[in-house]
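J.: below is the sequence, then the predicted model.
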Amino acid sequence: MTTASFTPRGPFSLASSIRFLEGFTPASYDHAADGLLRLAFPADDHDGVIGCALRQEEAVGEHGLVTAEFTVHADSAAGEAARNQIARILSLDIDGTGFPAVGERDPVVASLQAEFPGLRPVCFHSPYEAAAWAVIGHRIRKTQAAAIKARLARDHGRPVDVAGQRLHAFPTPAVLRGLARIPGLTDVKIERLHAIAEAALDGDLDASALRARDADQALKDLQSLSGIGPFSAELILIRGAGHPDIFPTAEPRVHRAVATEYGLGEAPGLSRLAGIADAWRPYRSWVALLLRARMAATGGG
């Protein structure tokens, strides 16, 4: 087992991350009472599997040191790569020291920051897993999709013991590519999952490469994958690769939330919404997540 420490740059609350995951349907997260965040997931190298338990020092609150104890279940997945992936999942790889200033110049953002102190985007474990979720969840209920995803992990993912609990990671791309039948999914969706697995193995879903690319080009490239449209492409780039500064143009719930919070009336144009979001730079993805979190908390989606 390896131990890694993360000093958040800017406000960060692991407790807020855990609360978010409890309400985030794709995660199917069951929180233990000991304050640990337990995760198991395929490594970025698409070969190994990582199990980790995270805790945060409570004495200094949102700026407290975050410690991860993790095990890499494959020789090919390097410890430093695992550390980087863990940081990305919790958006700890982003310098958030400038995020409070966004709230200082925007009262709506200030109210969101006060309501969800220290909450940063909690990402999918990888763009690969985000893409798989997009395919699984297309045109079915989220709860149904989450059950299928959890069953895939239980039946075909590697079991990992994490701080006294047994978790199952989502299947690696090589395993997913070999599944001929997945209960609850159509043949078309299974074919699309195979294509996602192939894309991951070919390096087309590398988080660092996606974030380094021009965002518009990255979104265009992602839409070349079978079954991935504009909404799914944004999901993969923002919540899979962890891009911190994209305003979702294909997410109507965020648009409704902006219209409500800023008193814009019904159906404001996308250019007007994007203009408001410009004031959130370079954390547009973060503010969009907080807007969604408020909507979920008030029963709005």
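T.: Happy to help now that I have it.

J.: check contacts around residue 298.
T.: Residues in contact with residue 298 (CB atoms under 8 Å, 6 or more residues apart in numbering): none are found. Yep, even glycine has a C-beta here, placed from its N, CA and C like the rest.

J.: now residue 30: closest residue in space that isn't a chain neighbour?
T.: Closest residue to residue 30 apart from its sequence neighbours, by CB to CB, 6 or more residues apart in numbering: residue 22 at 8.0 Å.

J.: that neighbour and residue 29 touch, don't they?
T.: Yes: applying CB atoms under 8 Å, one finds residue 22 in contact with residue 29, separated by 5.6 Å.

J.: flag every buried residue along the helix or strand hosting residue 111.
T.: Using DSSP states H and E, residue 111 sits in helix 107-115. The neighbour-count check on helix 107-115 (16 or more other CB atoms under 10 Å) flags 108-109, 112-113 as buried.

J.: ok, stretch 1-14 next?
T.: Result for stretch 1-14 [16+ other CB under 10 Å]: buried residues 4, 6, 8, 10-14.

J.: same check on stretch 225-238?
T.: Buried residues in stretch 225-238 (16+ other CB under 10 Å): 225, 227-228, 232-238.

J.: what of stretch 263-270?
T.: For stretch 263-270, by 16+ other CB under 10 Å, it's 264, 268.

J.: low pLDDT regions in the stretch 201-301 of the chain?
T.: Judged by pLDDT under 70, the stretch 201-301 of the chain has its weakly predicted residues at 300-301.

J.: meant to ask about the stretch 1-150 of the chain, not that
T.: In the stretch 1-150 of the chain, residues with pLDDT under 70: 31, 59-62, 75-78.

J.: now the strands for it?
T.: With strands called from DSSP state E, counting those that start in this stretch, the stretch 1-150 of the chain shows them at 2-6, 37-42, 49-56, 66-72.

J.: which strands or helices does the second one pack on?
T.: Helices and strands touching strand 37-42, by 3 or more CB pairs under 8 Å, 6 or more residues apart in numbering; DSSP states H and E, are helix 14-22, strand 49-56, helix 79-89, helix 127-136, strand 159-162, strand 165-168.

J.: of those, which approaches residue 196 most closely?
T.: helix 127-136 (4.6 Å; CB to CB).

J.: between the closest one and strand 37-42, how big is the angle?
T.: Using axes from the mean of the first three to the mean of the last three CA atoms, to 10 degrees, the direction of helix 127-136 lies 90 degrees away from that of strand 37-42.

J.: so where do the helices sit in the stretch 151-300 of the chain?
T.: Counting by DSSP state H, counting those that start in this stretch, the stretch 151-300 of the chain has helices at residues 173-177, 187-201, 207-212, 215-222, 230-235, 252-261, 270-277, 284-297.

J.: and those as JSON lines, adding distance to residue 64?
T.: Listed next are those as JSON lines, based on distance: least, CB to CB, whole Å:
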{"stretch": "helix 173-177", "distance to residue 64": "35"}
{"stretch": "helix 187-201", "distance to residue 64": "34"}
{"stretch": "helix 207-212", "distance to residue 64": "26"}
{"stretch": "helix 215-222", "distance to residue 64": "32"}
{"stretch": "helix 230-235", "distance to residue 64": "30"}
{"stretch": "helix 252-261", "distance to residue 64": "29"}
{"stretch": "helix 270-277", "distance to residue 64": "30"}
{"stretch": "helix 284-297", "distance to residue 64": "19"}
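
J.: out of those helices, which gets nearest to residue 69?
T.: helix 207-212 (22.5 Å).

J.: which residue comes closest to the residue sitting nearest the centre point of the chain once chain neighbours are left out?
T.: Residue closest to the average C-alpha location in the chain (CA atoms, centre = their mean): residue 123, at 1.7 Å. Nearest residue to residue 123 in three dimensions, chain neighbours excluded: residue 242, at 4.7 Å (CB to CB, 6+ apart).
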